[in-house]
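A.B. asks: Provided below are the primary sequence and the corresponding predicted coordinates.
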Amino acid sequence: MGKRFFTQLLVDKIRKIFRNSKYRWFAIIAGLVYLVSPLDISPDVVPILGWLDDGLIASLVIAEVSQIVAEKLKNRQKGNSATANPTQTPAVIDVNAVSLN
């Protein structure tokens, strides 16, 4: 239970830091540099741990980039709905229906 508590505290702290766009971009760039560089926290020759750190960094980068894209799309949709004139009535098409009976 204690390990889970500290993990949740760490995750909450990281989320708070990444809400600032400057730190978010820094984390993305640092993550990409880490993935490309030959230096690792745990070398890839160690079967599971070597891939685990790369996988965690890659998932962090993907999550942050997708979050940025989602926020941009949401802001774009808000911008489009805000520019529409709310007092304008929708167009009405008047059709004269004729019965063939």
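C.D. replies: Now that the structure is in, tell me what you want to look at. Numbering: from 1, shown residues only.

A.B. asks: okay, CA-based contacts and neighbour counts for the rest of this
C.D. replies: Noted.

A.B. asks: Show me the shaky parts of this protein.
C.D. replies: Along the chain, the model assigns pLDDT under 70 to residues 1-3, 81-101.

A.B. asks: So for it, which residue is the most central one in space?
C.D. replies: residue 67 (1.2 Å; CA atoms, centre = their mean).

A.B. asks: Look up how far residue 27 lies from it.
C.D. replies: 13 Å (CA to CA, to the nearest Å).

A.B. asks: before we move on, what about residue 50?
C.D. replies: Distance from residue 50 to residue 27, by CA to CA: 20 Å.

A.B. asks: between these two, which one's more packed in?
C.D. replies: Per other CA atoms under 10 Å, whichever of residue 50 and residue 27 has more neighbours is residue 27, with 18 against 15.

A.B. asks: wait, what's in contact with the residue nearest to the centre of the chain?
C.D. replies: Under the criterion of CA atoms under 8 Å, 6 or more residues apart in numbering, residue 67 has no contact partners.

A.B. asks: the helices in the protein, which residues?
C.D. replies: 2-18, 21-36, 49-83 (DSSP state H).

A.B. asks: Give me the buried positions along the second one.
C.D. replies: So that's helix 21-36. Neighbour-count burial for helix 21-36 flags 24, 25, 27, 28, 31, 34, 35 (criterion: 16 or more other CA atoms under 10 Å).
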